[in-house]
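1. okay, sequence plus prediction incoming.
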Amino acid sequence: MSWREEYNKKLVTAEEAIKSIHDNDKVVMAFGCSEPRCIVRAMRENYKNYNNVEVINMLLLGETPWVDEEVRGHFRYNSFFASGTNRKAIAAGVADYTSCYLSETPSVLRDYIKPRVTVMSVAPPDEEGYVSLGTNCDYIETTLAHCEVKIAQVNKNMPYTYGATRKHVSEFTYFVECDEPIPEVPAPPLTEVEVKIGKHCASLINDGDCIQLGIGGIPNAICEELKDKKDLGLHSEMVGDGVVDLIKSGVINNTKKNIDNGKTILGFAFGTKKLFDHLDKNRDVEMVPMDYVNNPVIIAQNDNVVSVNSCLQVDLMGQVVSDTIGLNQFSGVGGQVDFVRGATMSKGGRSIIAMPSTAKGDTISKIVPKITDYSAVTTTRNDVNYIVTEFGIAQLKGKTMRERARALIAIAHPDFRDELSEEFERRFNEKY
Ligand code: COA
């Protein structure tokens, strides 16, 4: 059978494809820009046909249909990352959160959660019968290998990417053709604080470094400050639009990498059409699974890796809280610890945690004497190195607890420095 015959044989409507999902199944879905929304809609509309189906993904950009009152008992949602669309449901106990390092998501799914069905978006097949997983390779490449039922929404707007994303039509159970706009994540305009943080972070990045940029406004602010750098590499679980101009202008050329030389390495894309157009049929970019891009041992094979991530709170010992506020799950661990460790192990590498010094309209300090009760530490005080706010840079590795506290108070918002100094004096019996 030719690949075209095989593809046509597997081509069904969304309603037909979802009949392969049974009661008590675990269904893992692609997330972010790769949400297979036609199939999600079909499942939501036909919710009465399902009992106790667990739907698992990283996060949803659109609505989270799995948590509506009406579908309780039919679907239960389990996410690796809390966000605006599912945070309330997790707090209310009507959805679940699973904590693990992003590097582990493929193996945690395969070895522990063991979904039977996987659903994703793909770009249409090329002349040789290979579709592409497009914006997201992450954990979905792995679930495609081990799930029993593999359903793909074929969307001609999905960029055709290379790396581990090119998959033969024989690897799928059903195809559902449905063209719709790719969900986008536009970057809000940069704030003054982000611009200042971007400048401090960029001062820690040298020509020839290999960078990872996390989530939020700060990565885009950093990209703005990197325009005069040379020969940067990019090895990052995700990127937004900010990197596109740096790649096009040759600032990021990946020529100094020890591994994947000449290639940009990404787990997933989280941006707009500007980024999707850049990725489309671009052989200089390789989309790879999380257990490669986020594996600290792989990350460390490049020299001078600089990781930049953000957080919610840092205490005076340098303990970093990035994903919880007390018992509330605010976001997820994501790749922060993977990259902090990979950058630390890389020859000449540096890890940076960058954040505004305050939150909630300057009413609370993010540098605190003690982290909020019941919050979980994301990056330990032993892993952390550079902390950056709009007021400067605190370098923590090799420093005593007393020296760390001093360095951190110096980059706290001035409105909170007195309070923090009092704590310093109590704790260390020394004038700040
Ligand atoms: N206490 C209470 N609220 C806080 C807070 C704190 N200490 N710190 C921040 N917030 C609030 C802010 O006020 C803001 O609320 P608002 O939306 O109502 O204004 C919100 O949290 C987001 O803050 P912001 O500084 O804009 O966050 P961000 O979009 O830059 O994201 C993280 C910051 C920490 C949530 C995000 O970086 C993250 O999830 N990191 C962990 C995962 C990770 O690093 N992965 C690696 C790359 S994916």
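-> Yes, it's here. None of these values were measured; they are calculated from a predicted model.
2. give me every residue in this protein lying close to the ligand.
-> Proximity of the chain to the ligand, by Cβ under 6 Å from any ligand atom, involves residues 214-218, 238, 309-313, 322-323, 325, 330-332, 334-336, 356, 359-360, 364, 366. The C-beta positions use only the backbone N, C-alpha and C, and glycine is treated the same way.
3. same thing but at 5 Å, please
-> When proximity is defined as Cβ under 5 Å from any ligand atom, the chain approaches the ligand at 214-216, 309-313, 322, 331, 334-336, 359-360, 366.
4. so which one among the residues you listed has the lowest pLDDT?
-> Across the residues of the chain next to the ligand, the smallest pLDDT goes to I215, namely 72.
5. turn the buried ones among the residues of the chain next to the ligand into a named ChimeraX selection, would you?
-> Selection of the buried residues among the residues of the chain next to the ligand in ChimeraX, burial being defined by 16 or more other Cβ atoms under 10 Å:
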select :214,215,216,309,310,311,312,313,322,331,334,335,336,366
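6. among the residues of the chain next to the ligand, which ones are in strands?
-> N309, Q313, A359 (DSSP state E).
7. could I get those residues as JSON lines with distance to C147?
-> Shown next, in JSON lines, are these (distance: Cβ to Cβ, whole Å):
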{"residue": "N309", "distance to C147": "30"}
{"residue": "Q313", "distance to C147": "38"}
{"residue": "A359", "distance to C147": "40"}
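8. if we can go back for a sec, wait, which of the residues of the chain next to the ligand is closest to K167?
-> G335 (23.4 Å; Cβ to Cβ).
9. could I get the phi/psi values of that closest one?
-> phi -100, psi 10 (degrees, to the nearest 10).
10. from the residues of the chain next to the ligand, which two are the most distant?
-> Maximum pairwise distance in the residues of the chain next to the ligand, criterion Cβ to Cβ, is 26.2 Å, between G335 and K360.
11. doesn't V193 lie inside a strand?
-> No: V193 is assigned helix when assessed by DSSP: H, G, I helix; E, B strand; the rest coil, not a strand.
12. ok, it - contacts?
-> Residues in contact with V193 (Cβ atoms under 8 Å, 6 or more residues apart in numbering) are P356, S357, E390.
13. what pLDDT is listed against the nearest residue to the first one once chain neighbours are set aside?
-> I take that to be P356. Leaving aside its sequence neighbours, P356 sits nearest to V193 (Cβ to Cβ, 6 or more residues apart in numbering; 4.8 Å). With respect to pLDDT, V193 scores 98.
14. ok, so of the contacts of V193, who is nearest the ligand?
-> Nearest to the ligand out of these is P356 (Cβ to the nearest ligand atom; 5.5 Å).
15. residue contacts, the closest residue to G216 other than its chain neighbours?
-> Once flanking residues are discounted, G216 sits nearest to S310: 5.1 Å by Cβ to Cβ, 6+ apart. S310 makes contacts with G214, I215, G216, I218, S322, I353, A354, M355, as judged by Cβ under 8 Å, 6+ apart.
16. for F268, give me phi and psi.
-> Per degrees, to the nearest 10, the backbone of F268 is at phi -160, psi 160.
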